[in-house]
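Enquirer: Pasting a predicted model and its sequence here:
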Amino acid sequence: MSLGAAEPQSRERESIGFGRSVEAFVLLLLASGRSYGYEIRSRLEDLGYTRAMSDPGALYRLLRELEASGAIRSEWDVSGRGPARRYYLLTEAGFDQLDRGAERLAAMRNRVELFFAGYKALGRERKRELVAAGAVKA
C-alpha cells in the first residue's frame, strides 16, 4: 500500500479544529456548572476538539481571555486531596456571550445545510458528467 492522497486522513485532520466555535462550547460546558481545566479539555475532546488535548495551552489562553472579558470567573479549590484546582464559572455576561455564540452557530448550521442541499442536488452522476466534459478536474 502506497502512502499518498488516496490514504484516509488521520483522525486529527478529520476532527474539528480548535477555532472560534470552541468558545461557545466552553461557555456551554460551564453553563452546566463549574469545571476545571483538565475536565474541560476532556469534555471538549469528546466533542471532537482534539487540539484541546494535544495543545492544552490553547484552551488555557482562551480561558484567560474569557476571564479577562468578564464572561467567566475562576476560583481556587484547595479543599480536596492533592493539588489545588482552579475552577471556572460562567458569569451573567458569559450567559449573554453564550447566547451570541448559539446565534452564530445557528447561522453556521443554516449555511452548512444549504451547502449539503446543493451538494446532494448535484448528484454523483452529474459530477461525473462534469469531469468527463472537462468542466472540472478529476
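Expert: Thanks, I have it. Residues are numbered from 1 along each chain as shown.
Enquirer: how about the helices in the protein?
Expert: Along the chain, counting by DSSP state H, helices occupy 11-14, 21-31, 37-46, 51-54, 56-69, 92-122, 124-132.
Enquirer: hmm, who's touching the second one?
Expert: For helix 21-31, the external contacting residues (C-beta atoms under 8 Å, 6 or more residues apart in numbering) are 35, 40, 43-44, 47, 49, 52, 59, 62-63, 66, 71-72, 88-90, 94-95, 97-98, 101-102, 104-105, 108. The way it works is simple: take the backbone N, C-alpha and C, and place the C-beta from them, glycine included.
Enquirer: Just the CA coordinates for it, please, in PDB.
Expert: Provided in PDB are the C-alpha atoms of helix 21-31 (Å, rounded to 0.1, in the frame of the first residue of the first chain):
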ATOM      1  CA  SER A  21     -16.600  27.900  17.700                       C
ATOM      2  CA  VAL A  22     -14.900  26.300  20.700                       C
ATOM      3  CA  GLU A  23     -15.600  29.400  22.800                       C
ATOM      4  CA  ALA A  24     -19.400  28.700  22.600                       C
ATOM      5  CA  PHE A  25     -18.700  25.100  23.600                       C
ATOM      6  CA  VAL A  26     -16.600  26.100  26.600                       C
ATOM      7  CA  LEU A  27     -19.300  28.500  27.700                       C
ATOM      8  CA  LEU A  28     -22.000  25.800  27.300                       C
ATOM      9  CA  LEU A  29     -19.900  23.400  29.400                       C
ATOM     10  CA  LEU A  30     -19.600  25.900  32.100                       C
ATOM     11  CA  ALA A  31     -23.300  26.800  32.000                       C
END
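Enquirer: gap between residue 131 and residue 124?
Expert: Computed with C-beta to C-beta, to the nearest Å, the distance linking residue 131 and residue 124 is 11 Å.
Enquirer: the more surrounded of these two?
Expert: residue 131 (12 against 8; other C-beta atoms under 10 Å).
Enquirer: so where is the chain shaky, pLDDT-wise?
Expert: 1-19, 52-53, 136-138 (pLDDT under 70).
Enquirer: All good on my end, thank you.
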